[in-house]
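Visitor: With the sequence up front, the predicted model follows.
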Amino acid sequence: MNAPLESDLLRTFIAVAETSNFTKAAEMVGRTQSAVSMQIKKLEDAVGSALFDRGSRGVSLTKQGNTLLLKARRVILLLDETAASMRQPSLSGVVRIGIPEEYGSSVLPKALRNFDQLHPGVEIIVNFGRSSVLIDAMHGGKLDLAVVYEQGDYTTSEILRTDPTVWVTSDIHETHLRSPLPVAMYSGVGWARTRALALLDDLGRGYRIAYVSDTSNGLMAAVQAGLGIAPLARAGIPPQCRELTLADGFAVVDHSNVTLRVNNRKGDDAITGMASAIREAFQSM
């Protein structure tokens, strides 16, 4: 690198990377589009390589851009956490969180407990739901933070952990041995349902949709009761149930990333603090 990197440049870089669009990034950081373009050019000059590939539909990260994104997030996180720690520890306001049900009894209680010890005056609103619903709520400004699953390996969001979607059966009922194979499935259209049913078609086994639910808790209940096998996050396998592996003839449904999305355009310290608490809770798993 030819020159020291300024945190302001890194914040703009992260905004462009997450939106894949200079105009949207400009709105996020409160600058003009031309100013954002100049900042990215300055950053590229400092690191000595292009960070984005420009196209008619927006921009995408280069290999060097992906490398810098991971490091930039760590730098900005450290700066924000340091700034927050130097301010008054007691915060107020409202923080709205969205999180999948799989982490409602593991990660969330620890994050809430640690946050409340530092900031007991903050009102916390938690919404449980499928990732597609939580993402829509983020876009609609109804959530400040959301933990969501993202399909596949590539993402511009902050990765908290990997948590593959796998087929799950009951140890007691051995539902996977029945014919036709009973399946508990998400209602509606989504990548998890589409991918899971495609894998069943590839198996060549006859199956039937025996149970439908719009939540993972509903699918967990169905698996435990022996009503069907279901595609669930590995972290969400309920008691007395197990993952179906290649030895059983079942492949992993998808190698999902668990990511954190933060809608914190106003620099709200309570939101920043909650984001840190969620990160720490995942790191301790």
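Guide: On my side now, so go ahead.
Visitor: pLDDT score assigned to the closest residue to residue 64 other than its chain neighbours?
Guide: Counting by CB to CB, 6 or more residues apart in numbering, residue 49 is the residue found nearest to residue 64 once chain neighbours are left out, at 4.5 Å. C-beta here means a position set from N, CA and C on the backbone, and glycine is covered the same way. What the model reports as pLDDT for residue 49 is 90.
Visitor: Repeat that for residue 167.
Guide: So, for residue 167, pLDDT stands at 95.
Visitor: how about it, what does it touch?
Guide: Contacts for residue 167 (CB atoms under 8 Å, 6 or more residues apart in numbering) come out as 176, 196, 229, 230, 231, 243, 244, 250, 253.
Visitor: ok, which stretches of the stretch 101-250 of the chain are helices?
Guide: 107-118, 131-139, 191-203, 216-224 (DSSP state H, counting those that start in this stretch).
Visitor: Mind checking the pLDDT average for the third one?
Guide: Computed over helix 191-203, the mean pLDDT rounds to 84.
Visitor: how far off helix 216-224 does it point, in degrees?
Guide: With axes from the mean of the first three to the mean of the last three CA atoms, to 10 degrees as the basis, helix 191-203 and helix 216-224 are set at 30 degrees to each other.
Visitor: Give the buried residues for helix 191-203.
Guide: Neighbour counts over helix 191-203 (16 or more other CB atoms under 10 Å) mark 191, 192, 193, 196, 197, 199, 200 as buried.
Visitor: where does the chain have its least confident helix or strand?
Guide: helix 63-86 (a mean of 82; mean pLDDT, DSSP states H and E).
Visitor: Which strands or helices does it pack on?
Guide: In terms of contacts (3 or more CB pairs under 8 Å, 6 or more residues apart in numbering; DSSP states H and E), helix 63-86 is packed against helix 7-19, helix 269-283.
Visitor: ok, the helix or strand following it: who's next to it in the sheet?
Guide: Counting by DSSP states H and E, the next helix or strand C-terminal to helix 63-86 is strand 93-99. Strand 93-99 sits in its sheet next to strand 122-128 (parallel), strand 145-150 (parallel), going by DSSP bridges.
Visitor: Can you tell me what sits against the longest one?
Guide: Where contact means CB under 8 Å, 6+ apart, the residues beyond strand 122-128 that reach it are 91-101, 104, 108, 112, 115-116, 134, 137, 142-143, 215, 270, 273-274.
Visitor: Narrow the residues you listed to those that are buried.
Guide: 91, 95-101, 108, 112, 115, 134, 137, 143, 215, 270, 273-274.
Visitor: Please name the nearest non-neighbouring residue to the residue in the chain sticking out farthest from the centre.
Guide: Note on the chain: the largest C-alpha distance from the chain mean falls to residue 179, namely 35.8 Å (CA atoms, centre = their mean). With sequence-adjacent residues excluded and distances taken as CB to CB, 6+ apart, residue 179 is closest to residue 206, at 6.4 Å.
Visitor: Which residues are in contact with that neighbour?
Guide: 179, 180, 181.
Visitor: Kindly report the same for residue 40.
Guide: Neighbours of residue 40 in contact, by CB under 8 Å, 6+ apart: 9, 12, 13, 16, 22, 51, 52.
Visitor: Go again with 10 Å.
Guide: By CB atoms under 10 Å, 6 or more residues apart in numbering, the contact set of residue 40 is 9, 12, 13, 16, 17, 22, 25, 50, 51, 52, 59, 65.
Visitor: Next one, pLDDT for it please.
Guide: Reported pLDDT at residue 40 in the predicted model: 93.
Visitor: Just after whichever strand or helix holds it, pick out the following helix or strand.
Guide: For residue 40, the host element (DSSP H and E) is helix 33-47. For helix 33-47, the following helix or strand on the C-terminal side (DSSP H and E) is strand 52-55.
Visitor: so how far is that next one off the chain centroid?
Guide: 25 Å (CA atoms, centre = their mean, to the nearest Å).
Visitor: which outside residues touch that strand?
Guide: 13, 16-17, 20, 22, 40, 44, 58-62, 64-65.
Visitor: That's all I had, so thanks and see you.
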